[in-house]
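1. prediction below, plus the sequence it came from.
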Amino acid sequence: MLNPSDRTRSCATELVCRDCGRRLPLLDTTSKCLGCGQGLDIDYDYELAKARLAEIPPAQREINIWRFEELLPITDARAKARVGRYSGRTPLIHADRLGAELGLKKLYLKDDSTQRPSLSYKDRVVSMAVARLLELGKDEIGCVSTGNVGTAVASLAAKAGVTAYVFYPANMERGKARACRALGAAVCQLDGNYDEANRACRELALASGVQFANITLRPFYAEGAKTVAYEVVEQLDWVAPDHFVIPAAGGTLSSRVHKGLNEMEMVGLAETSATKISAAQAEGCSPIATAILDGSGEITPQTPQTAAHSIAIGAPGDGALVVDAVTSRGGSAAAVTDAEIFEAIDLLGATEGILTEPAGGTTIASTAKLASEGKIGAEETVVAIVSGNGYKTLDEHPDKPWAEGVACDVEAMSEMLQEFRRHGVGATLG
């Protein structure tokens, strides 16, 4: 039993099955419903949360992921103190130059490519998972990852002083694997795609007793994604945007932004019911977008065939939740080609000076497609999520030639400068 001084202001109450409604104590270590086997969610005392949020104005709160701790599931202040203190509160950027290219006057970028410590949105969810691990008194954490979960687990586990094991599928982005090793994690590349690796890691978690961030700790892990919604609405002066465009892999981010928006209305922070959510996926792995666009609502697993490895999950665990979030809010979806993704990465870089990875390129390309199809209005306030940093995936990006072998003298350099001016800096020279 925690002493009062060891408690956070969390108003979390129970684990609840999303399907049958069965309830379990918050400290239960089960990650699936014991009755029907479906996923668990966290429930809160929203009246208490509303009162506690009114006691301390947001302006007086920590500027990190714990800013709205009443609506987060960690009840042990000692665990909270060891993780996530530098995560969250990333910039919301008015992308006026990119917006002009896409015909969107009020386009904003929630730039989680600046997230700490590992430069992706996954620091939000992994912060919750590691804090939960500490709350349970455990000192080992694993994860199955397409890229960014691994680096987040390695980083946050190192700071918390726990051992990390990262399991990647066969098509791992090697730069991220090297980063995990540099951060002290053990890394294992598996001979299979992400969905095969995920199934194997579920079995390993049961056999070994190791807690996995995005498997056994998933109900808590997922709650960290809500902080995107809280931050965006606060950064827009408590006016919810008209539209979110969110990259979808397993579905955690889109579904929990939906939950976070609902919670903000329940506790009286903002009116959010009119906000739409649209899902962004790569054409080579688009089970969620397909289910939305064909009107079936049914997730049919796919074999990933895309360069956007960090969102290449063919059997998304929270896919049905994303379909519900998108359809209930009147949003849509887009599936874009790899060529469109890399063009969008370049466009974002050239207009806003932000280098994103293919997942972020998927968001930008999908935003462009949704705008061109009239699914996003020119006057809407649109927030596109840039979920990860492009410096981590430069090996995946198609190379662009540059001028080489130019003599190191003013005459030769002046000639080359004139070539740049004539043909444009983006032109292929030689």
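-> That came through fine. Since the model is a prediction, treat every value here as computed from it, not as a measurement. Residues are numbered from 1 along each chain as shown.
2. only C-alpha atoms from now on, for both contacts and neighbour counts.
-> Noted.
3. quick one, strands of this protein?
-> Using DSSP state E, the strands of the chain run over 12-17, 23-25, 40-44, 92-94, 106-111, 140-144, 163-168, 186-189, 211-212, 243-247, 276-282, 333-336, 381-386.
4. low-confidence ranges in the stretch 1-150 of the chain?
-> 1-2, 4-5 (pLDDT under 70).
5. ok, 80 please
-> 1-6 (pLDDT under 80).
6. the stretch 301-430 of the chain now?
-> By pLDDT under 80, the low-scoring segments of the stretch 301-430 of the chain are 424-430.
7. who touches Ala333 in this structure?
-> 278-281, 289, 292-293, 366, 370 (Cα atoms under 8 Å, 6 or more residues apart in numbering).
8. please apply the same query to Ala249.
-> 281, 310-313, 316.
9. now flag whichever of those residues is closest to Ser87.
-> Ser310 (20.0 Å; Cα to Cα).
10. what about the contacts of Ala333, which one has the most neighbours?
-> Per-residue neighbour counts (other Cα atoms under 10 Å) across the contacts of Ala333 peak at Ala280, which has 34 neighbours.
11. any idea how far Thr363 is from that one?
-> For Ala280, the distance to Thr363 (Cα to Cα, to the nearest Å) stands at 5 Å.
12. closest one to Glu69 among the strands of the chain?
-> With Cα to Cα as the measure, strand 12-17 is the member of these nearest Glu69 (9.6 Å).
13. please name the strands paired to the closest one in the sheet, noting orientation.
-> strand 23-25 (antiparallel), strand 40-44 (antiparallel) (DSSP bridges).
14. out of the ones you listed, deepest packed?
-> Of all these, strand 40-44 carries the top mean neighbour count, a mean of 21, counting by mean count of other Cα atoms under 10 Å.
15. tell me where the stretch 251-400 of the chain has helices.
-> 252-266, 287-293, 319-328, 338-352, 358-372 (DSSP state H, counting those that start in this stretch).
16. CA atoms of the third one as CSV?
-> The reference is to helix 319-328. Written as CSV, here are the backbone C-alpha positions of helix 319-328 (Å, rounded to 0.1, in the frame of the first residue of the first chain):
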residue,chain,number,x,y,z
GLY,A,319,-7.1,-1.4,-36.0
ALA,A,320,-10.8,-1.7,-35.0
LEU,A,321,-10.4,1.1,-32.5
VAL,A,322,-9.0,3.4,-35.2
VAL,A,323,-11.9,2.6,-37.6
ASP,A,324,-14.3,3.5,-34.8
ALA,A,325,-12.4,6.7,-34.0
VAL,A,326,-12.3,7.8,-37.6
THR,A,327,-15.9,6.9,-38.5
SER,A,328,-17.5,8.2,-35.3
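17. which one among the contacts of Ala249 gets closest to Ala182?
-> Ser310 (19.8 Å).
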